[in-house]
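[1] The sequence isn't on hand, but the structure is:
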């Protein structure tokens with residue numbers, strides 16, 4: 001298994017302790033975990049996505065599922081998105097609908113979308129899964145340029161060209177691999193993509209895998225002629241994403257601290273754009289006591305930046321993976337107490353509408369006083385029109401991650417409404433239940449949300465903010 005990204009040390013330690021083998025480890029990981037560099041091809045890759053709050057797991061189905069489940073079971077408080085369809089799997093499908101050059105293709109277990117499509121409705125077509133759906137609402141995207149993937153390379157039907165993993169940068173290595181590919185593929189009409197592990201592979205292994213994959217490709221083509229659609233012709237790879245909450249990152253901090261100096265909030269800060277600061281401060285922290293002092297100083301640094309900038313943005317991450325950016329607000333107050341930050345943010349309403357849950361009309365000029373505590377699973381929105389309190393919306397979420405100009409949290413769907421009349425009601429509890437049934441939230445996170453809801457209902461008055469008293 002190959003592991004990359006800002007969570008690499010903690011995940012490598014976690015998975016190594018559960019019996020998995022790490023390959024292509026960086027020099028830092030080798031040193032921290034006292035392991036040798038293994039160059040054999042990886043069955044599974046674990047890495048950060050373009051969104052640094054997410055971990056991608058991809059690889060051969062049996063091994064990748066085991067890795068994915070191990071991470072989820074140990075981090076507990078996470079969002080989970082996994083595809084029921086294997087990426088790069090090859091199917092013979094049936095075109096069920098055609099609109100312009102766009103086709104809907106029935107794969108048997110699911111329908112996919114092919115663009116461009118020259119086939120007519122009712123005809124069969126051999127396609128590969130180009131993009132497997134992970135999060136709700138995502139579509140299966142297909143391509144006639146399907147892949148036959150091996151451990152170090154993949155042959156490509158329909159694209160007779162040579163391409164390389166972004167991790168193969170050395171020109172001599174590229175030239176060597178290109179020469180080997182051309183010696184085997186000339187005249188076949190097939191292209192090749194060299195995976196990152198191919199840079200460690202010998203000429204013999206490269207040539208042997210190309211020969212084997214050519215035979216597999218020819219066998220697939222022959223089977224496709226005789227089999228009735230829809231039918232799966234070749235397995236692909238498992239793909240799943242794990243959405244990390246502040247709670248999961250705290251667990252990763254604890255794991256990482258067993259092998260190297262790790263300050264509090266290490267992974268939360270790194271995923272919030274403060275990676276360079278974290279690296280610098282951990283480099284000078286000489287002891288556990290010093291690390292605690294450094295952690296506290298970082299919180300004070302964040303609070304000072306919040307005071308200077310005066311503006312903060314809220315990132316609201318839903319179990320569907322959707323990220324909602326709330327309107328910016330003005331920081332009215334910020335304080336540090338032990339290992340937490342508390343802030344009060346003033347958001348001025350600019351557009352008319354209706355406040356969700358409250359059923360009250362919005363008016364431009366209304367004010368939302370948002371109270372944030374980094375140690376509590378709650379964001380309290382308190383709506384005012386002048387001195388008139390319109391009601392409060394207490395959002396249940398994971399403990400917010402606070403950085404200069406940013407408050408980020410994972411929404412747990414269920415919320416509590418408090419009205420000036422004294423009425424208190426719970427909203428969207430069924431949405432939380434549906435998210436659990438759809439396996440978007442883990443049982444641990446579901447129970448956490450339920451516990452937070454119970455606490456709010458029993459103590460809701462402590463989350464209502466009155467700007468006159470600033471309490």
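    Here it is on my side, so go on. These numbers come from a predicted model, not from an experiment.

[2] The spatially closest residue to residue 367 that is not a sequence neighbour: how many residues sit nearby?
    Spatially, and ignoring its direct neighbours in sequence, residue 367 is nearest to residue 384 (4.9 Å; Cβ to Cβ, 6 or more residues apart in numbering). For glycine as for every other residue, the C-beta is placed from the backbone atoms N, C-alpha and C. Neighbours of residue 384 under the rule other Cβ atoms under 10 Å: 20.

[3] confidence score at residue 384?
    You'll see residue 384 listed with a pLDDT of 96.

[4] quick one: it from residue 146, how far?
    Going from residue 384 to residue 146 by Cβ to Cβ, to the nearest Å gives 59 Å.

[5] for residue 461, same thing?
    Relative to residue 146, and taking Cβ to Cβ, residue 461 is found at 61 Å.

[6] follow-up on the earlier one: tell me the backbone dihedrals of the residue nearest to residue 367, please.
    phi -130, psi 150 (degrees, to the nearest 10).

[7] what distance separates the longest helix along the chain from the centre of its chain?
    The longest helix of the chain (DSSP state H) is helix 203-226. Offset of helix 203-226 from its chain centre (Cα atoms, centre = their mean, to the nearest Å): 34 Å.

[8] in that helix, what counts as buried?
    Residues of helix 203-226 classed as buried: 205-206, 209-210, 213-214, 217, 220, 224 (neighbour count, 16 or more other Cβ atoms under 10 Å).

[9] Helices of the stretch 201-350 of the chain, start to end?
    203-226, 246-257, 266-270, 275-284, 288-309 (DSSP state H, counting those that start in this stretch).

[10] shaky segments in the chain?
    For the chain, the stretches flagged by pLDDT under 70 are 284-292, 470-471.

[11] From the centre of it outward, give me the first residue you hit.
    residue 54 (2.3 Å; Cα atoms, centre = their mean).

[12] Tell me what that one is bridged to.
    Bridge pairing for residue 54 (DSSP bridges) gives the partners residue 243.

[13] Strand partners (parallel or antiparallel) of the longest strand anywhere in the chain?
    Determined from DSSP state E, the single longest strand within the chain is strand 323-337. With DSSP bridges as the test, strand 323-337 is paired with strand 311-317 (antiparallel), strand 340-348 (antiparallel).

[14] Switch those strands over to a markdown table; also include mean neighbour count.
    Below are the strands paired with strand 323-337 laid out as a markdown table (neighbours: other Cβ atoms under 10 Å):
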| stretch | mean neighbour count |
| --- | --- |
| strand 311-317 | 18 |
| strand 340-348 | 19 |
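
[15] follow-up on the earlier one: so the residue nearest to residue 367 is in contact with residue 468, correct?
    No: at 9.8 Å, residue 384 does not count as touching residue 468 under the criterion of Cβ atoms under 8 Å.

[16] burial count for residue 173?
    Residue 173, neighbours per other Cβ under 10 Å, totals 15.

[17] and of the helices of the stretch 201-350 of the chain, who's closest to residue 316?
    For residue 316, the closest of the helices of the stretch 201-350 of the chain is helix 246-257, at 13.6 Å, according to Cβ to Cβ.

[18] ok, and what's touching the closest one?
    7, 9-11, 13-14, 74-78, 244, 262, 264-268, 271, 374, 398-401, 409-410, 448 (Cβ atoms under 8 Å, 6 or more residues apart in numbering).

[19] in that helix, what counts as buried?
    246-253, 255-257.

[20] Same question for stretch 425-436.
    In stretch 425-436, counting by 16+ other Cβ under 10 Å, buried: 426, 428-429, 431-432, 435-436.

[21] Strands - which of those residues land there?
    Going by DSSP E, the strands hold residue 426 from the buried residues of stretch 425-436.

[22] JSON lines for the buried residues of stretch 425-436, including distance to residue 456?
    Listed next are the buried residues of stretch 425-436 as JSON lines, based on distance: Cβ to Cβ, whole Å:
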{"residue": "426", "distance to residue 456": "9"}
{"residue": "428", "distance to residue 456": "13"}
{"residue": "429", "distance to residue 456": "12"}
{"residue": "431", "distance to residue 456": "16"}
{"residue": "432", "distance to residue 456": "13"}
{"residue": "435", "distance to residue 456": "18"}
{"residue": "436", "distance to residue 456": "19"}
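
[23] nearest to residue 130, of the buried residues of stretch 425-436?
    Using Cβ to Cβ, the buried residues of stretch 425-436 come closest to residue 130 at residue 435, 27.7 Å.

[24] Surely that closest one and residue 319 touch.
    Yes: if you go by Cβ under 8 Å, residue 435 and residue 319 touch, sitting 4.5 Å apart.

[25] one step back: of the buried residues of helix 246-257, closest to residue 329?
    Nearest member of those to residue 329, counting by Cβ to Cβ, is residue 246, at 20.0 Å.

[26] That closest one and residue 239, how far apart?
    Taken as Cβ to Cβ, the span from residue 246 to residue 239 is 25 Å.

[27] Equivalent analysis for residue 387, please.
    53 Å.

[28] Over to residue 53?
    18 Å.

[29] For the strands paired with strand 323-337, give me TSV that also has distance to residue 134.
    Output for the strands paired with strand 323-337, formatted as TSV (distance: least, Cβ to Cβ, whole Å):
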stretch	distance to residue 134
strand 311-317	15
strand 340-348	32
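
[30] Alright, calling it a day.
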